[in-house]
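Chemist: Give me a 3D structure for the following:
(chains A and B)
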Amino acid sequence: MTGFLAWLLVASGLAVVVVRRRSVVVGIVTVQALVLALAALLEAETTDDVVAGGALALRAVLLAVLFAGVVAQTRERLPVHARVPPLLRGGLAVLLALTLVWLVPDIGLDSRDAERSVLALIAFGVATAGLRRATVLQVLGIVLVENGLALAALELPGGEAAAGIEIGVAVDLMLISVVAVVFHRRIFGLFGAGDTAALRSLRD
Amino acid sequence: MTSREWLAVAVPLAPAAGAVAVAVAPRRSIAAIGLGAAGISGLLALMLAGVAIARAGDPTSGDWLVVDATAGLFVAVIGVVGLASALTSPVYLGLARSELVRPERGERLYYGTFLAFWAVLVAVPLAGNLGIAWLLVEATTAASALLVGFSGRATALEAGWKYLVLTTLGLGFALLGIVLIAPNVQGGLGALSWGSLASLDTGSDQLTVAFVLVLAGLAAKIGWAPVHNWLPDAHSEAPPPISALLSSALLPAVLVVAWRTDRALTPAVGEDLAHGVLVGFGLVSLAVAVPFLWRALAWKRLLAYSSLEHMGVLALGFAFANPLAMAGVVVHVAGHAIAKALGFYAATPLLTHVPAAGGRAATGVGRTCPPLGASMGISLATLAGLPPSPLFASEVLIVAGGFAAGRTWEAAAAAILLALGFLGLGHALLETIAGRARRRAPESPSGLRTVVALTVCAAAALLTLTALAPWLPGSELVEAMLDVA
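Modeler: Predicted coordinates for the structure are as follows:
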């Protein structure tokens, strides 16, 4: 994977942290996964690489259908404002990414660009899940983390484990996403919005 | 494949088949099919556990599957708690209704998800490979989160959501660790077997980072402090039979994965780091749990914080890793599972007897309903480590193991924290049983008969465990567990 493509993925990951509309975020994480899948298929040298790329593409399409459907069916009257304004969110996410890059030594991927991109995508995913209130966006933060991990699996030297990891992650991510959608629907039904701020009664 | 391997494959397949059968069964036969599948699954689990423990010195260990003494112990715990949870489920379902899905689908969702959860859970200690173990642990999240939020109440949704997001993010970090390990082994996912990991080169920064990421990620699922925030909420808001399964079976099963990873990667990352990570999580978990054990908490919430304490104790037992400490681990895993599950099962009659007990501490239950008070008392006294509780014996063994391993300060700190925890739970025990009862006349409890029957069985099992404890150090079971990976 080229450095340009890796940094394009990072830029789109940062957009997930700051963009307001859920439908746009669904589009971004889907395009990210499809770009990863396409890169994997174009650079495929073994059957395992093709399987890994195929699993990633299938997962991207299925999740896009699932989340686009749920966004369309649970339209909110007012937008769910994040706990933190967009610029500060972006700043915090970049700070977390830089901290991870600084803390984590060489992790053995094919290129240093790929390593930094993986860590940045994970940081942006964690920031999205932690700083945004909308339920759908929190789950998309998890999907962003998994996109980062997919990039790591594809950039492994040899890449023999990539297919197994991609298939397993795709299945697990689908299960988690389906359960998250069940929760989102119920939360939307109860409170009229998929807003996790409504879920803050359990304290000791 | 050997007959033992066939049996190991059948153990998760039986509840999985049960889940499929529940999904397609006519509505009137869902409960019967669910309970029947649970009975068969429990029986198969106990058969496998019996074989694995009886032939502890001759384990089966491959790239995908491992049937050893450790797996046997944890499969037995999952089988027993799973079966007891199934038996207590009809009473719970008779009292509660799900608002997470349409009410007519509640029973099907409950039994189907329960059996699916059981299927992946029981496969976790049998996984012979870090990659497969991770996939199974992640799969338990999906099924169990649905069960945590089963009631559809706002608090249950909050607990289920928190559980889903936090543990999935935590396991994401564990997966990053696995991805970092992968280039160091030759071959695909199958090359991440425990045996392959144990032969990795030493001294690599990359493996050290990977090790910390995997352990920290699994810690989020085990509920070790400081990444335990979801635990008290999920365990207190889930249906009581599910809380029992989460606390008594899921947390220890994931702990086995952490333990196998720790043992397998010790040659690569060094004894100090491998030991230090477990001791760190163990002591921090104990220190965080103790203040909550001193507070007047609602019954299920108190049990949840007790889980945090006991996962800390198990981390220390695994870290000390000598015959004394490992004997303590065996007794602790079994004793904690029985006592904690009993405590959660008692929550169903408790919440009909004193409905306010869902939100505040239950007091004087021994005065208003002696049989229910006895069940809660046996559970809490055991968890506190009050002699003749097997947890008293196991905690003594683990602390003695720490001293015997030359870990004096760590063992001393553990002993002090355990003593403080004992005092907190001891106070809760007195208040729960003999405290001042609420003025309003309590309701008659539902499902008491089942809980009393389980209490009799649990008391006998707990006393047997206490009697066995002194004989365990040096036994074939304990020696085989020390040879893991």
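Chemist: Quick check: B:Leu283 vs chain A, distance?
Modeler: Remark: distance between B:Leu283 and chain A (C-beta to the nearest C-beta, to the nearest Å) = 21 Å. Quick note: C-beta positions are derived from backbone N, CA and C, even for glycine.
Chemist: Might you name the residue of chain A sitting closest to chain B?
Modeler: Per C-beta to the nearest C-beta, A:Gly164 is where chain A lies closest to chain B, at 3.1 Å.
Chemist: That residue reaches B:Gly131, doesn't it?
Modeler: Yes. Using C-beta atoms under 8 Å, A:Gly164 makes contact with B:Gly131 at a distance of 6.3 Å.
Chemist: With adjacent residues omitted, what lies nearest to residue 67?
Modeler: Unless you meant another one, I'm taking chain A. A:Val26 (4.5 Å; C-beta to C-beta, 6 or more residues apart in numbering or on different chains).
Chemist: actually it's chain B I care about, not the one you picked
Modeler: B:Thr60 (4.3 Å).
Chemist: pretty sure the one you found is touching B:Val66, no?
Modeler: Yes. At 6.8 Å, B:Thr60 counts as touching B:Val66 under the criterion of C-beta under 8 Å.
Chemist: neighbour count winner among the two?
Modeler: Taking neighbours as other C-beta atoms under 10 Å in any protein chain shown, B:Thr60 and B:Val66 compare with B:Val66 leading, 25 against 19.
Chemist: And whichever strand or helix holds that one, what does it pack against?
Modeler: For B:Val66, the host element (DSSP states H and E) is strand B:66-67. Here strand B:66-67 touches helix B:3-24, helix B:30-54, strand B:60-61, going by 3 or more C-beta pairs under 8 Å, 6 or more residues apart in numbering or on different chains; DSSP states H and E.
Chemist: What strands line up against it, and which way round?
Modeler: Strand B:66-67 has its sheet partners listed here by DSSP bridges as strand B:60-61 (antiparallel).
Chemist: Report the mean confidence score over the partner strand.
Modeler: The average pLDDT within strand B:60-61 is 88.
Chemist: Tell me who's in contact with the residue in the stretch 251-400 of chain B that chain A sits nearest to.
Modeler: Nearest residue of the stretch 251-400 of chain B to chain A, counting by C-beta to the nearest C-beta: B:Phe292, 6.4 Å away. Counting by C-beta atoms under 8 Å, 6 or more residues apart in numbering or on different chains, B:Phe292 makes contact with A:Asp204, B:Pro232, B:Leu302, B:Tyr305, B:Leu308.
Chemist: How about B:Leu164, nearest residue that isn't a chain neighbour?
Modeler: B:Ala145 is the one closest to B:Leu164 (C-beta to C-beta, 6+ apart), at 4.2 Å.
Chemist: Tell me if I'm right that that neighbour and B:Ala159 touch.
Modeler: No. Applying C-beta under 8 Å, one finds B:Ala145 not in contact with B:Ala159, separated by 9.2 Å.
Chemist: neighbour count winner among the two?
Modeler: Counted by other C-beta under 10 Å, B:Ala145 and B:Ala159 do not tie: B:Ala145 has more neighbours, with 30 against 27.
Chemist: Which of the helices or strands spans that one?
Modeler: Per DSSP H and E, B:Ala145 falls inside helix B:130-148.
Chemist: would you list every one of the strands in chain A?
Modeler: For chain A, no strands turn up when DSSP state E is the criterion.
Chemist: Tell me which residue is most central in it.
Modeler: Central residue of chain A (C-alpha atoms, centre = their mean): A:Leu144, 1.1 Å from the mean position.
Chemist: shared neighbours of B:Ala145 and B:Ala159, which are they?
Modeler: Contact criterion C-beta under 8 Å, 6+ apart; no residue bridges B:Ala145 and B:Ala159 by contacting each.
Chemist: longest helix of chain A?
Modeler: For chain A, the longest helix by residue count, based on DSSP state H, is helix A:162-191.
Chemist: what angle do the helix holding B:Ala145 and helix B:3-24 make?
Modeler: In terms of direction (axes from the mean of the first three to the mean of the last three C-alpha atoms, to 10 degrees), helix B:130-148 departs from helix B:3-24 by 30 degrees.
Chemist: After helix B:130-148, heading C-terminal, what element do we hit next?
Modeler: helix B:154-181.
Chemist: now that next one, how far from the chain's geometric center?
Modeler: From the chain centre to the centre of helix B:154-181 is a distance of 17 Å (C-alpha atoms, centre = their mean, to the nearest Å).
Chemist: next structured bit after that helix?
Modeler: Under the assignment DSSP H and E, the closest C-terminal helix or strand after helix B:154-181 is helix B:194-198.
Chemist: Is there any residue in the very next helix or strand once past that next one that contacts chain A?
Modeler: Next along the chain after helix B:194-198, taking DSSP H and E as the criterion, comes helix B:205-222. Yes. Using C-beta under 8 Å from any C-beta of the partner chain, helix B:205-222 reaches chain A at B:Asp205, B:Gln206, B:Val209, B:Ala210.
Chemist: Report all helices and strands that helix B:205-222 contacts.
Modeler: Against helix B:205-222 (3+ C-beta pairs under 8 Å, 6+ apart) you get helix B:130-148, helix B:154-181, helix B:251-269, helix B:271-293.
Chemist: residues of that helix that come out buried?
Modeler: The neighbour-count check on helix B:205-222 (16 or more other C-beta atoms under 10 Å in any protein chain shown) flags B:206-222 as buried.
Chemist: can you check stretch B:267-287 too?
Modeler: Within stretch B:267-287, the residues that count as buried by 16+ other C-beta under 10 Å are B:267-269, B:273-275, B:277-287.
Chemist: What's the mean pLDDT across that stretch?
Modeler: For stretch B:267-287, mean pLDDT is 95.
Chemist: so how far is it from its chain's centroid?
Modeler: Relative to its parent chain, stretch B:267-287 has a centroid offset of 20 Å by C-alpha atoms, centre = their mean.
Chemist: What of stretch B:9-29?
Modeler: Distance, centroid of stretch B:9-29 to centroid of chain: 23 Å (C-alpha atoms, centre = their mean).
Chemist: Any part of it near chain A?
Modeler: No. Stretch B:9-29 is not in contact with chain A by C-beta under 8 Å from any C-beta; minimum separation 13.2 Å.
Chemist: okay, that stretch in PDB with CA atoms only?
Modeler: Extracted in PDB, the C-alpha atoms of stretch B:9-29 (Å, rounded to 0.1, in the frame of the first residue of the first chain):
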ATOM      1  CA  VAL B   9     -16.300 -30.900  19.700                       C
ATOM      2  CA  ALA B  10     -19.700 -32.100  20.900                       C
ATOM      3  CA  VAL B  11     -19.600 -29.900  24.000                       C
ATOM      4  CA  PRO B  12     -20.100 -26.600  22.200                       C
ATOM      5  CA  LEU B  13     -22.100 -28.100  19.400                       C
ATOM      6  CA  ALA B  14     -24.900 -29.400  21.700                       C
ATOM      7  CA  PRO B  15     -25.900 -25.900  23.000                       C
ATOM      8  CA  ALA B  16     -25.400 -24.500  19.500                       C
ATOM      9  CA  ALA B  17     -27.800 -27.100  18.100                       C
ATOM     10  CA  GLY B  18     -30.200 -26.300  20.900                       C
ATOM     11  CA  ALA B  19     -30.100 -22.600  19.900                       C
ATOM     12  CA  VAL B  20     -31.000 -23.400  16.300                       C
ATOM     13  CA  ALA B  21     -33.800 -25.700  17.500                       C
ATOM     14  CA  VAL B  22     -35.200 -22.900  19.800                       C
ATOM     15  CA  ALA B  23     -35.100 -20.500  16.800                       C
ATOM     16  CA  VAL B  24     -37.300 -22.700  14.700                       C
ATOM     17  CA  ALA B  25     -39.400 -24.400  17.300                       C
ATOM     18  CA  PRO B  26     -43.200 -23.800  17.800                       C
ATOM     19  CA  ARG B  27     -43.700 -21.200  20.500                       C
ATOM     20  CA  ARG B  28     -45.300 -23.600  23.000                       C
ATOM     21  CA  SER B  29     -42.300 -25.900  23.000                       C
END
